[in-house]
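Novice: my questions concern the predicted model and sequence given below.
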Amino acid sequence: MSNSPTDAALKPPVIRLEAVQKSFALPSGEIFDAVRALSLDIPEGEIFGLIGKSGAGKSTLLRLINLLERPDAGRVIVGGRDLTTLTRRELRDTRQNIGMIFQQFNLLQNASVFDNVAFPLKIHGRHSRAEIDARVRECLELVGLSEKIDTYPAQLSGGQKQRVAIARALASRPQVLLCDEPTSALDSETTRSLLETLRDINAKIGVTIVIVTHELSVVEVLCRRVAILEKGQLVEQFAVEEAPQAERVTALGREIDALVRRRERDAREAANAPLNAPLFAPAVARGIAHA
Ligand SMILES: Nc1ncnc2c1ncn2[C@@H]1O[C@H](COP(=O)(O)OP(=O)(O)OP(=O)(O)O)[C@@H](O)[C@H]1O
């Protein structure tokens, strides 16, 4: 696996996976290894992408982080606690520290936006009404949906539903937000705006974001680091913005680099172009003959 020089996790990992393993029994009786002895550190405050082909084990790995899937072997340490050793009750409490959002939003259809966001706080049973009220308003403001507090999911667009889901996931003030293909059901404009909101939230409250996606444009816009999975193993991880020292190991890694370099080049050209430059100046004239 290749690692970039900035890997030397300057910040302590908020998530540490140690040789986690997860297998499933298939209907045929065969055992399928979805995640194979995988180790990974994710530093606090990171926006971290998990990518790979369909079936590579991305969602399983994400679900191992909050123990929605229990590993067959290995340790899952979040916020300094090994989740695999906790009692059911301790795990329930610790999960307050790990929010999660899904592709299909998973909102309660018969509950208002307020009640959806308040739900995890109410079932936890340790918050006063005033505290819940203030927390819900604060989270809806973070996602830009304050004015929808009294509406119902059916009255919202897909992007707005996902924002409610984010507010709900943040209600318990978790250190970690897990996102499983959060923009797959959204059009490209809504996706862009939602990704901006996630970046904004990361900057404002420092929550560590781990996102599974098959869209490289999501990685390009949102992620600062990325890990590439193949057949349940971690084959490469790097800082997205960092120019590679050597060619990336995987085709996906090379595609991400190409996207990032193209964006940088476009930005440079836009900054250098005189206002009256022809729109389609030949590449050679602009010094990018080998672009
Ligand atoms: N509960 C399960 N029972 C049996 N097999 C499973 C189960 N969950 C996942 N798998 C298998 O494990 C493999 C990895 O699944 P996973 O959903 O983690 O992959 P993925 O990389 O997220 O793929 P995709 O992008 O298609 O969602 C797949 O082959 C899947 O069929």
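Specialist: Arrived safely.
Novice: quick one, what contacts the closest residue to Ser184 other than its chain neighbours?
Specialist: Of all residues not flanking Ser184 in the chain, Gln103 sits nearest, at 4.7 Å (Cβ to Cβ, 6 or more residues apart in numbering). C-beta: built from backbone N, CA, C; applies to glycine. Gln103 makes contacts with Asp180, Glu181, Pro182, Ser184, Ala185, as judged by Cβ atoms under 8 Å, 6 or more residues apart in numbering.
Novice: hmm, which of these are the buried ones?
Specialist: With burial judged by 16 or more other Cβ atoms under 10 Å, the buried subset of the contacts of Gln103 is Asp180, Glu181, Pro182, Ala185.
Novice: quick check, nearest of these to the ligand?
Specialist: Glu181 (7.1 Å; Cβ to the nearest ligand atom).
Novice: once you drop chain neighbours, what's closest to that closest one?
Specialist: Per Cβ to Cβ, 6+ apart, closest to Glu181 is Gln103, 4.2 Å.
Novice: what's the pLDDT at that neighbour?
Specialist: For Gln103, the model assigns a pLDDT of 94.
Novice: which residues of the chain fall in helices?
Specialist: Assigned by DSSP state H, the helices in the chain fall at 58-65, 88-94, 113-124, 129-142, 158-170, 188-205, 216-222, 251-272.
Novice: roughly how far does the residue nearest to Glu181 sit from the ligand?
Specialist: 9 Å (Cβ to the nearest ligand atom, to the nearest Å).
Novice: measure that residue to Gln162 for me?
Specialist: Note on Gln103: its distance to Gln162, by Cβ to Cβ, to the nearest Å, is 9 Å.
Novice: can you pull the residues that touch both of the two?
Specialist: Pro182.
Novice: got a pLDDT number for Gln245?
Specialist: Note on Gln245: pLDDT of 83.
Novice: for Thr190, same thing?
Specialist: Looking at Thr190, its pLDDT stands at 95.
Novice: likewise for the one 5 residues further on?
Specialist: For Leu195, the pLDDT comes out at 96.
Novice: quick one: residues contacting it.
Specialist: Per Cβ under 8 Å, 6+ apart, neighbours of Leu195: Thr183, Val218, Val221, Leu222.
Novice: rerun that using 10 Å as the cut-off
Specialist: Leu195 is in contact with 47, 182-183, 186, 211, 213, 215, 217-218, 220-223, counting by Cβ atoms under 10 Å, 6 or more residues apart in numbering.
Novice: before we move on, the earlier item: Asp200: which of the buried ones among the contacts of Gln103 is nearest?
Specialist: Nearest to Asp200 among these: Pro182, at 14.7 Å, using Cβ to Cβ.
Novice: state the pair within the contacts of Gln103 that is farthest apart.
Specialist: Asp180 and Ala185 (11.6 Å).
Novice: between the two, which contacts overlap?
Specialist: Common contact partners of Asp180 and Ala185 (Cβ under 10 Å, 6+ apart): Phe102, Gln103, Gln104.
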